[in-house]
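Enquirer: Just the structure for this:
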Amino acid sequence: MTDGYTYYSPRLLFDVYWHTRKRLWSVRVNGRVLYHMPQACLSCATLMVSVPAVERIRARGQREVCAWARGHRAYLPHGLGMDGTPEGEQIFFDPYRFTSFVTAGGMQVTACRWLYFDPDGSAWGLECR
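Expert: Below is the predicted model of the structure:
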């Protein structure tokens, strides 16, 4: 699999998070942001939250990266249905209300088999637990 001119190992784990000022998804590997993109897709994704970072956000009111998804980069939009509408459960994170990712029904989510990141900033998970 290539991304432009760069080869990435299939074993490499990518972190994806929403960049609030750029209004794009940031993609990083080993702590270094590689690029920003309007949409992304991960397989075998683990949803991670830094609780100390959430506490700093609540105390100071400053933005910082406190939540991200880590998984294998998928090149097909597995979160999309055949008609282009998202399938699965919508996943949310709000550092002022939660310390974990949740679904619209309020269920805490820690992992998804497939996770699709939409250009509008929403995330959709398939087979979430």
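Enquirer: burial of S122, as a residue count?
Expert: S122 has 14 neighbours, counted by other CB atoms under 10 Å. Quick note: C-beta positions are derived from backbone N, CA and C, even for glycine.
Enquirer: Equivalent analysis for the one 3 residues further on, please.
Expert: Here the number of neighbours of G125 (other CB under 10 Å) works out to 26.
Enquirer: Distance check, it against P38.
Expert: 19 Å (CB to CB, to the nearest Å).
Enquirer: any residues touching the helix or strand that contains A59, and which ones?
Expert: Per DSSP states H and E, A59 falls inside helix 51-60. Helix 51-60 is contacted from outside by Q62, R63, E64, V65, C66, A67, P95, Y96, T99, using CB atoms under 8 Å, 6 or more residues apart in numbering.
Enquirer: Buried residues of it, list them for me.
Expert: Of the residues in helix 51-60, V54, I57 count as buried by neighbour count, 16 or more other CB atoms under 10 Å.
Enquirer: what are the C-alpha coordinates of that helix, in PDB please?
Expert: Extracted in PDB, the C-alpha atoms of helix 51-60 (Å, rounded to 0.1, in the frame of the first residue of the first chain):
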ATOM      1  CA  VAL A  51      -8.000  11.400  31.100                       C
ATOM      2  CA  PRO A  52      -5.300  13.900  32.300                       C
ATOM      3  CA  ALA A  53      -5.600  15.800  29.100                       C
ATOM      4  CA  VAL A  54      -9.400  15.900  29.500                       C
ATOM      5  CA  GLU A  55      -8.900  17.300  33.000                       C
ATOM      6  CA  ARG A  56      -6.600  20.000  31.700                       C
ATOM      7  CA  ILE A  57      -9.100  21.000  29.100                       C
ATOM      8  CA  ARG A  58     -11.900  21.300  31.700                       C
ATOM      9  CA  ALA A  59      -9.700  23.300  34.100                       C
ATOM     10  CA  ARG A  60      -8.100  25.600  31.500                       C
END
